[in-house]
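Student: using only what follows, build the 3D model:
(chains A and B)
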Amino acid sequence: MYNLINPTRIFHWIEKLINFINSIFFILLIVALTFALVLSPPDYLQGDSVRIMYVHVPAAWIGLSSYTFIALLSVLNFTFKIKNLNLITKSIAPLGLMFTCLAIITGSLWGQPTWGTWWAWDARITSMLILTIFYILFILAHKLISQENKANKISSIILIFGLINIPIIKYSVDWWNTLHQPASIKIAGTSTIHSSMLLPLILMLLVLLLYSALIFLMKYKTEIIRIKKKNLKRI
Amino acid sequence: MIQNLISMNSYGIFVWLSFSITILTCVLFYYKTYVTLKKYEKNFANELNKLSASEKRLILKKSKIATQVLASYNKSI
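Tutor: Numbers count the residues shown, from 1 in each chain, chains lettered A, B, ... in the order given. A predicted model of the protein is given here:
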């Protein structure tokens, strides 16, 4: 397992992957934006405001899944003590924070025309706000604690503690009466979203995932260089 | 048609603002990440260049990452 995430091994592929993503990214972005803003139909109830879903939902998914992923990596790190996992979590966290904030902001812009309010202390929105706080605490732990081992330990504890919030975000719409509608897209079970809206949603998700991969690779490369620079004399 | 695309039946302001904020944030974040990466590459190359020729040769021989960072930095200047 260690060999698979060995920085020297990964570093070799980073440049190639970055170039590959750059080559297909803009074409996919234009196609996805055309579908999201022009070709997809307006909703029978929400009208054209439904188009906000094409940025709001993928941003929320990425924010949520990034947190779940880095929290699980922290559990693995506690168990197996693999230092590289810390570099991965540090590279993903700012991305997750950015997408969670985007989900909240675009959600607010969607809330005004559909619910008539910019903000409500609704279970889903509040739990997303708590997720943002956990991301900020994780990043602050790394920024404020100078001892790397201590920072890694404390930030891992923050991440693992915040895992409790993930099922709350996911099931808040089922457990409580909220302004949010229940999930329209289900991995197990029938989705209630029409294919003309599902396609742009998947395309926008793909674009934002590619963007996330690009940023992650650049941040991971930066982290590896930082470590290598620190250990230059020891090489 | 262009008018409809812009106004989106009076929802245009919300839709365009959502997309603009998302794209602008992504562009700024990409720029910041790129600048930081280049800064670290430059610092690493400078540290490497401060070493004596024999030390530098030894490090480049031992560390593949050091070789690649130096190559990437030299390409970007």
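Student: which residues does the residue of chain A found nearest chain B contact?
Tutor: Here the residue of chain A nearest chain B is residue A:48; by C-beta to the nearest C-beta that distance is 3.7 Å. All C-beta atoms are positioned from the backbone trio N, CA, C, and that covers glycine. Applying C-beta atoms under 8 Å, 6 or more residues apart in numbering or on different chains, we find residue A:48 in contact with A:42, B:8-9, B:11-12, B:15.
Student: so which two of those residues are the farthest from each other?
Tutor: A:42 and B:12 (11.9 Å; C-beta to C-beta).
Student: quick revisit: quick one, grab the pLDDT at the residue of chain A closest to chain B.
Tutor: On pLDDT, residue A:48 comes in at 90.
Student: same check, this time on the one 10 residues further on
Tutor: At residue A:58, the pLDDT value in this model is 97.
Student: tell me, how many neighbours does the spatially closest residue to it that is not a sequence neighbour end up with?
Tutor: Among residues not flanking residue A:58 along the chain, residue A:205 sits closest, at 4.1 Å (C-beta to C-beta, 6 or more residues apart in numbering or on different chains). Per other C-beta atoms under 10 Å in any protein chain shown, the neighbour tally for residue A:205 reads 17.
Student: quick one: residue A:205 is in a strand?
Tutor: No: secondary structure assignment (DSSP: H, G, I helix; E, B strand; the rest coil) places residue A:205 in helix, not in a strand.
Student: run through the residues that contact it.
Tutor: A:57-58, A:61-62.
Student: tell me which of those residues fall in strands.
Tutor: Among those, DSSP state E puts none in strands.
Student: which sections of chain B are below the confidence cut-off?
Tutor: B:62-64, B:66, B:69-77 (pLDDT under 70).
Student: quick test: name the residue nearest the centre of it.
Tutor: residue B:34 (1.4 Å; C-alpha atoms, centre = their mean).
Student: ok, back up a step: and of the contacts of residue A:205, the nearest to residue A:168?
Tutor: residue A:61 (16.1 Å).
Student: once you drop chain neighbours, what's closest to that closest one?
Tutor: Per C-beta to C-beta, 6+ apart, closest to residue A:61 is residue A:205, 6.7 Å.
Student: which pLDDT value belongs to that neighbour?
Tutor: Residue A:205 is assigned a predicted lDDT (pLDDT) of 96.
Student: repeat that for residue A:181.
Tutor: Looking at residue A:181, the pLDDT reads 75.
Student: tell me if it really is in a strand.
Tutor: No: using three-state DSSP, the secondary structure at residue A:181 is coil, not a strand.
Student: and it, how many neighbours?
Tutor: 9.
Student: same question, residue A:108
Tutor: Residue A:108: 18 neighbours (other C-beta under 10 Å).
Student: which SS state does it fall under?
Tutor: helix.
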